[in-house]
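Prediction below, plus the sequence it came from.
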Amino acid sequence: IAGITQAPTSQILAAGRRMTLRCTQDMRHNAMYWYRQDLGLGLRLIHYSNTAGTTGKGEVPDGYSVSRANTDDFPLTLASAVPSQTSVYFCASSSGGDYNEQFFGPGTRLTVL
Amino acid sequence: QKEVEQNSGPLSVPEGAIASLNCTYSDRVSQSFFWYRQYSGKSPELIMSIYSNGDKEDGRFTAQLNKASQYVSLLIRDSQPSDSATYLCAVNSGTNAGKSTFGDGTTLTVKP
C-alpha cells in the first residue's frame, strides 16, 4: 500500500441498503477525513477524525457515520442509503494540526437508485 | 457569504500565458492556505501551501497571501495544456485546527 486506498472504486446501490466505504492509509497520519463532491461543487466535509479513537461531524454529517478504531482505517457507513447520497466520496489524511496538508485517496463513485 | 470563495470560471488562457486564480475567505483567524489541483475524474492533489503574508514560489507556481485583505491567489507562469484542471482553494481556520474548508474550485483551460 502506498498512500491512501479506497474501496470500492464504484458502486451502484439500491435505496435503503446499508453500505460501508473503506479507507486505509499507510502514512501514519493522525487525522483522516471524508468528503463528498457533487458535480460542479467543491469538497464538503462529512466527518473527520483528529486521532484514533475520536471522530467529529463536518458540514454534511446526516445519514453517515464513521469509526476510527486504529490509525490506519477510517470507514464511512451509510446506514440506509438515499438517492441524494449519490456522489463521489473522497477520503483524505493529514499529519494534523495547524498545517493540515491533506492527501487524498482515489475516490469512490456511489450511485443510489 | 461562503466561507471560501473562488472565481467561478471557467478560465481560459493561451499556452505560455500567466494564469491567475483568486480566492477570498471570511474567517479572519485562518492560519493555513492551500491550493489543490484536480484533474477531471481524479482526486485532488496538493500543489501549494502558504502560511505567511507574501509570496511563495515553487517552479512555475506562485502563491500569494494577504491576510489583511483575506485574499490568497495562485499564479501559474508559462501555462501548459497539462495545467488544465480544476484548482481548489482550501483554508484551515485557527479555530478549527485540523479541518479545511474548500472553495468550489476554478476550472482552468490552457489552449495550445
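Nice, I can see it. Numbering: from 1, shown residues only, chains lettered A, B, ... in the order given.

what does chain A put close to chain B?
Those residues of chain A that sit near chain B, judged by Cβ under 8 Å from any Cβ of the partner chain, are A:31, A:33, A:35, A:40-45, A:48, A:50, A:58, A:90, A:94, A:96-107. Heads up, the C-betas are built off the backbone N, CA and C, glycines and all.

Derive a ChimeraX selection command for the buried subset of those residues.
Buried members of the residues of chain A next to chain B, defined by 16 or more other Cβ atoms under 10 Å in any protein chain shown, are picked up in ChimeraX with:
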select /A:31,33,35,42,43,44,45,48,50,58,90,94,96,100,101,102,103,104,105,107
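
Give me the subset of the residues of chain A next to chain B lying in strands.
Counting by DSSP state E, the residues of chain A next to chain B place A:31, A:33, A:35, A:43-45, A:48, A:90, A:94, A:103-104 in strands.

Which residue is the nearest non-sequential neighbour of A:Gln6?
Nearest residue to A:Gln6, sequence neighbours excluded (Cβ to Cβ, 6 or more residues apart in numbering or on different chains): A:Gly105, at 4.1 Å.

now do B:Tyr25
B:Tyr25 sits nearest to B:Val91 (Cβ to Cβ, 6+ apart), 4.6 Å away.

Looking at strand pairing, list the partners for that neighbour.
Beta-bridge partners of B:Val91, counted by DSSP bridges, are B:Phe33, B:Thr101.

which residues touch it?
The neighbours of B:Val91, taking Cβ atoms under 8 Å, 6 or more residues apart in numbering or on different chains as the test, are B:3-4, B:23, B:25, B:27, B:30, B:32-34, B:72, B:100-101.
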